[in-house]
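Visitor: next one to model:
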Amino acid sequence: MLSSLKLTDTGRYKCSLITENLEKSCYVNLTVGESDVIGSDEPVKANVGEDVILPCHLEPPFNVSTLTVEWKRNKTYVHVYRSMKHDPNQQNTHFINRTYLFCDEIGKGNISLLLRNVSKEDEGLYICHVPKLHSQVRKGKIILKVDGAKHDTKQFNGSINNNSTNNTNGADVTTVIIPVIIAVIIVIIVIIVALYIWKRCQNRRQTGEQNDHPNNEQVEQQQDIPLREEQEQPNPDNLSNSLVSSQNIN
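Guide: I've put the predicted structure just below:
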C-alpha cells in the first residue's frame, strides 16, 4: 500500500515474483492527480456586510497543500495560495485582508474561499484554479450574488431581538414573583402556627392557676362554716345567768 500520494508518485510500477525456478513480473500504471475541481452549480447569495463562503473542492478528495491555488474574479486575483501559504503579492487591493482559505482542509481537497464583509462590488463570477493539477478539470466556477437589503435584515434581526428581550423580561418577572409568593405563604403559615401554640400555652396557664387557687365563693363558704359553728355553740355566761334567774323566781 502506498499512502500520502504525491504528484511525483505518478508512473509505472513493477511487481516481480522470483523463485529458484521461476521469475514473473507485472506492471501497474499509477496516475496521481486525476481529481476534478468542483465549484457550485447554484449561485451563492449573500447580503451586504455579511461573510460568505465560496465553495470549491476536489473530487475525489486530493491533497493540494503543495500546489498553487488561485482565486480570480474578472481576471483579477482575489486570493493566491502558493508554497503552502497565502501569497499577497498578486492580490487585488479590493480584497486585501478579506479573503481566507481553510488551511486545515486543503489537505483534504477543500479549497473553499471565505470572503468577509461583502459588498455589491463583489458580485460576479469567481474561478477557483489549480494550475498544476494533473487533471482534465482544473477550474471550478462560482457565481456570487449580493443583496443590498442589509438594512431590512437588521430591522428583522432587531425585531427578533426585541421579542426575545420581552420574553426574557417576562421570564425574569415570573422568576421573581413566584419565590415572593411562596415566601409570603410560608410566613403566613408560620404566624398561624405561632398563634396557635401561644393560645394553647395561655389556656394551659389559666387552667393551672384555677387549680392552684380555688374560687372565692368556695373559700367564703369554707370560712363561713367555722363562724356558724361558733355562733351555734352556747355561751357559758348566758347559761349561768339563766340558772340564777330561774332560782330567784322559785
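Visitor: low-confidence ranges, the chain, go.
Guide: Scanning the chain for pLDDT under 70 picks out the ranges 4, 7, 33, 149-174, 209-250.
Visitor: hey, where'd the strands end up in it?
Guide: Along the chain, counting by DSSP state E, strands occupy 11-18, 23-30, 36-38, 44-47, 52-54, 57-59, 69-73, 76-82, 85-86, 99-101, 113-115, 124-129, 139-147.
Visitor: closest one to residue 177 among these?
Guide: Closest approach to residue 177 among these is made by strand 44-47 (41.1 Å; C-beta to C-beta). Bear in mind the C-beta positions are built from the backbone N, C-alpha and C, glycine included.
Visitor: which residues sit against the closest one?
Guide: Residues lying outside strand 44-47 but in contact with it, judged by C-beta atoms under 8 Å, 6 or more residues apart in numbering, are 52-55, 118, 142-150, 153.
Visitor: just the buried ones out of those, please.
Guide: 52, 54-55, 118, 142-144, 146, 150 (16 or more other C-beta atoms under 10 Å).
Visitor: picking up where we left off before, deepest of the strands of the chain, which one?
Guide: Most buried of these, by mean neighbour count (mean count of other C-beta atoms under 10 Å): strand 69-73, with a mean of 22.
Visitor: for that one, which strands pair with it and how are they oriented?
Guide: strand 76-82 (antiparallel), strand 124-129 (antiparallel) (DSSP bridges).
Visitor: of the ones you listed, which is nearest residue 70?
Guide: strand 124-129 (4.5 Å).
Visitor: what about the helices in the chain?
Guide: In the chain, the helices defined using DSSP state H lie at 103-106, 150-212, 216-232, 236-249.
Visitor: would you mark the buried spots in the first one?
Guide: So the one you mean is helix 103-106. Quick answer for helix 103-106 (16+ other C-beta under 10 Å): residue 106.
Visitor: may I have it exported as CSV, CA atoms only?
Guide: Extracted in CSV, the C-alpha atoms of helix 103-106 (Å, rounded to 0.1, in the frame of the first residue of the first chain):
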residue,chain,number,x,y,z
CYS,A,103,-5.6,25.7,5.6
ASP,A,104,-6.6,22.7,7.7
GLU,A,105,-8.9,21.5,4.9
ILE,A,106,-6.6,22.0,1.9
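Visitor: contacts for it, please.
Guide: Residues contacting helix 103-106 (C-beta under 8 Å, 6+ apart): 63-65, 69, 81, 111-112.
Visitor: cutoff 10 Å now
Guide: 57-58, 61, 63-67, 69, 81, 84-86, 110-112 (C-beta atoms under 10 Å, 6 or more residues apart in numbering).
Visitor: ok so, going back, of the contacts of strand 44-47, which is the nearest to residue 125?
Guide: residue 143 (5.6 Å).
Visitor: can you name the residues that contact the closest residue to the closest one other than its chain neighbours?
Guide: Spatially, and ignoring its direct neighbours in sequence, residue 143 is nearest to residue 43 (4.3 Å; C-beta to C-beta, 6 or more residues apart in numbering). Counting by C-beta under 10 Å, 6+ apart, residue 43 makes contact with 123, 125, 142-145.
Visitor: and the gap between the nearest residue to residue 125 once chain neighbours are set aside and residue 123?
Guide: Of all residues not flanking residue 125 in the chain, residue 143 sits nearest, at 5.6 Å (C-beta to C-beta, 6+ apart). According to C-beta to C-beta, to the nearest Å, residue 143 stands 9 Å off from residue 123.
Visitor: related to what we said a few turns ago, between the strands of the chain, which gets nearest to residue 197?
Guide: Across the strands of the chain, closest to residue 197 is strand 44-47 (C-beta to C-beta), at 70.8 Å.
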